[in-house]
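Participant: 3D model of this:
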Amino acid sequence: MRAILQRVTKGRVTVEGKVVADIGLGYVVLLGVGHEDTQATAREMAEKIVYLRVFGDDEGKMNRSLLDIGGEMIVVSQFTLHADTSRGRRPSFINAAKPELAQPLVEYFIEQIRSFGVEVQSGIFGAHMVVDIQNDGPVTIALEI
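Facilitator: Numbering: from 1, shown residues only. Got it, this is the predicted structure:
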């Protein structure tokens, strides 16, 4: 499982002109599911993300987690995170999970985030989405479990 975590002051996802997710301070997480991923992988990724300390404390050091600041999250499924560009000029997505595996794992990941008490919204699986990210810092972290 791969994730691109972006610390944001605002995030929004729009599908066909309709806003489907909208948050303030928190994370926009782009989540890529590989065909080897399981519920255990999703749980581990969720825990890693909610406890990751990348928000500033009173001294400006990255010392607070999403839980510490009461932040929100948007999760956007993104199979392109598993792109293989090692050959040719067109990426291969052979390492990305098929939708019948990926969608339930994305939903399970979201459930796990909620189990920590985080307010989480999501894009629409498989839809063409416009993701607006007001990156704070900028802080962008690539994670792989």
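Participant: helix/strand/coil for residue 109?
Facilitator: helix (DSSP: H, G, I helix; E, B strand; the rest coil).
Participant: so who does it touch?
Facilitator: For residue 109, the contacting residues are 1, 31, 42, 45-46, 75, by CB atoms under 8 Å, 6 or more residues apart in numbering. For glycine as for every other residue, the C-beta is placed from the backbone atoms N, C-alpha and C.
Participant: go with 6 Å
Facilitator: Shown in contact with residue 109 (CB atoms under 6 Å, 6 or more residues apart in numbering): 42, 46.
Participant: Check the gap between it and residue 10 for me.
Facilitator: According to CB to CB, to the nearest Å, residue 109 and residue 10 sit 22 Å apart.
Participant: again, but for residue 84
Facilitator: As judged by CB to CB, residue 84 and residue 10 stand 33 Å apart.
Participant: Same question for residue 104.
Facilitator: Residue 104 is 29 Å from residue 10, by CB to CB.
Participant: still on that earlier bit, residue 84 and residue 10: who's more crowded?
Facilitator: Neighbour count, other CB atoms under 10 Å: between residue 84 and residue 10, residue 10 has more, with 15 against 12.
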